[in-house]
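**Student:** Model the following, please.
(chains A and B)
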Amino acid sequence: MQRYSFFSLARNALSQHEGWQRAWRSPPLKPEYDLVIVGAGGHGLSTAYHLAKEHGITNVAVIEKGWLGGGNTARNTHTIRSNYLRDVSIRFHDVSVKLYEQLSRELNYNILFSQRSMIDLIQSWSKLRDLRRRSLAMALHGPDYQLISVPDVQKRIPAMGDLSGVRLPPLAGMLHPAGAMARHDAVAWSYARAADSRGVEIHQHTEVTGFTFGTNGAVTGVETNRGTVRARKVALATAGNTSHVIAKAGLNLPLVTRNLQAFVSEPVKPIIDVIVNCPDVGLYVMQSDKGELVIGGGTDPIPSYRQGCHFSTFEDVVASLVELFPRFKSLKMLRQWGGAIEFAYDASPIISKTTIEGLHVSTGWYGGFKSIPVGGLTYAHLLATGDPHPLAEAFGLDRFTGLRFLLEAGTVAQR
Amino acid sequence: MLILTCPWCGERPEGEFMNLGEAVPPRADDPSAMTDAEWSASINERRNIRGRHTERWWHMRGCGTIFAVVRDTITHDLFEAADEPRP
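**Tutor:** Numbers count the residues shown, from 1 in each chain, chains lettered A, B, ... in the order given. The predicted structure follows:
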């Protein structure tokens, strides 16, 4: 792997930047691998990286229907945080934040990680009680989540302005200093480059059309539009479309897919330096490095694979935005997008074996950008050893049979 | 914005309704006759179809009728539900 540094930049500048290697290879598709990962997004690539790094398994193909990092990894709002409610979720996401903090150095790739903290604005007494409880639960495990007063909130978010006429005025705020953002493409690219340099093969434009099974019913490989690929184990990391893909193996999962949309304004000068989340009204807003305001809300309240703008949700989000930030009324919106987000009944992820031997799933992320490093770490452990990682023992599919649900209130802008 | 056709009130905007999710088959009359796995699958698993699926809507801020429609989950096009055994 060609290392990136100030010196390599200077050296390549002298040769008109024509000496750079490709960040990953495009080898021909082999007929057999030890392991096939379906989906070259953040989770798939991170899993491949950790399989190679911690378990020495490198005869791995990551196959992807579209292009690398073009699914939900490209369709999120790149927020990283660990303010969850359940013990297992807090520990799990705390590890993820810590891995993200080191990621640029570990992978020798600048992911533009910016730990700028996150403020949850509380606009109802029930939410105040709810988040106080969450902060006490988090205090047991380490990550910081402190109650701050309205004047402190106004000091941290001067763009908010006068609150006297606001219909649901903030009662307090919750400050989460670990809240961060990172460049989403760079996360996928850095993992792809690091996994590739350890021998993992990445095959884009290779769509899974079916699975092959042995006489004992175990999965023996995948059928793709480029031919059949044999593998001892198949691991799905197909965020948003897991139900659709696994239906080809005849399985149903306890998942629903919905559209989660976001949109950005025209770029403006720096005006907000924290991530603002308003769980009561379903709104969050932050400013990207380019100066655009990134605005999002809750999921559309219907099952959907549309990955677009659902106008009634858009209207709700904008109404909430201009109520708290009247000065943003003059902003023009540049573009919008939607991600297909899938979640289980209890809103906790699933990292698990399935009832088909050799077929594994990592799904139900309900906003999985923040979990990419730890999701890969724990999924790789499951694939390599056959046992769930200690951090992810609770995330098996068996929790549904045993009704051991992990009801999680800390997911995407839940109302 | 979807415009849904309530069987009682006619065409009304989406905001009056609540989506109750994918229409699942009726619960078994005798759950104790099922295996644990079948029972758990029947209450937890969803087909989560990418394409046309049957779903139920509740005219929550209207007449209260619960009814089924067929909707394409990619395009959001609405179609009349065929003969649905139980609303």
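**Student:** Distance check, the closest residue to residue A:365 other than its chain neighbours against residue A:96.
**Tutor:** Taking Cβ to Cβ, 6 or more residues apart in numbering or on different chains as the measure, residue A:365 lies nearest to residue A:349, with 5.3 Å between them; neighbours along the chain are not counted. From N, CA and C alone the C-beta is placed, and that goes for glycine too. Here residue A:349 is placed at a distance of 11 Å from residue A:96 (Cβ to Cβ, to the nearest Å).
**Student:** The two: which has the busier surroundings?
**Tutor:** When residue A:349 and residue A:96 are compared on other Cβ atoms under 10 Å in any protein chain shown, the one with more neighbours turns out to be residue A:349, at 30 against 25.
**Student:** Would you mind naming what in chain B lies close to chain A?
**Tutor:** Residues of chain B found near chain A, taking Cβ under 8 Å from any Cβ of the partner chain as the criterion, are B:1-2, B:14-15, B:18-19, B:21-22, B:36-37, B:40-41, B:44-50, B:53, B:55, B:71, B:73-76.
**Student:** Keep only those of those that are in strands.
**Tutor:** Among the residues of chain B next to chain A, DSSP state E puts B:18, B:19, B:21, B:22, B:53, B:55, B:71 in strands.
**Student:** what's around residue A:93, how many residues?
**Tutor:** Summarising burial for residue A:93: neighbours were counted as other Cβ under 10 Å, giving 24.
**Student:** Now the phi/psi pair for it, please.
**Tutor:** phi -80, psi -20 (degrees, to the nearest 10).
**Student:** residue contacts, the residue nearest to residue A:365?
**Tutor:** With contact set as Cβ atoms under 8 Å, 6 or more residues apart in numbering or on different chains, residue A:349 has these partners: A:362, A:363, A:364, A:365, A:366, A:368, A:371, A:375, A:392, A:395.
**Student:** Am I right that the fifth one is in a helix?
**Tutor:** Right, residue A:366. No - membership of residue A:366 in a helix is not supported by DSSP: H, G, I helix; E, B strand; the rest coil, which gives coil.
**Student:** one step back: farthest-separated two in the ones in strands among the residues of chain B next to chain A?
**Tutor:** Among those, the pair separated by the greatest distance (Cβ to Cβ) is B:18 and B:53, at 17.0 Å.
**Student:** what's the spacing between whichever residue of chain B sits closest to chain A and residue A:244?
**Tutor:** Distances between chain B and chain A by Cβ to the nearest Cβ are smallest at residue B:48, namely 3.6 Å. Taking Cβ to Cβ as the measure, residue B:48 and residue A:244 are separated by 8 Å.
**Student:** Between these two, which is the more surrounded one?
**Tutor:** residue B:48 (24 against 19).
**Student:** how close does the closest residue to that one other than its chain neighbours sit to residue A:146?
**Tutor:** Ranked by Cβ to Cβ, 6+ apart and with sequence neighbours excluded, the top spatial neighbour of residue B:48 is residue A:243, at 3.6 Å. Between residue A:243 and residue A:146 the computed distance is 39 Å (Cβ to Cβ).
**Student:** what about the two, which has more around it?
**Tutor:** In this comparison of residue A:243 against residue A:146, neighbours counted by other Cβ under 10 Å, the higher total goes to residue A:243 at 24 against 13.
**Student:** The more buried one and residue B:46: what is the separation?
**Tutor:** From residue A:243 over to residue B:46 (counting by Cβ to Cβ), the distance is 7 Å.
**Student:** which neighbours do these two share?
**Tutor:** Here residue A:243 and residue B:46 share the contacting residues A:252, A:253, A:255, scored by Cβ under 8 Å, 6+ apart.
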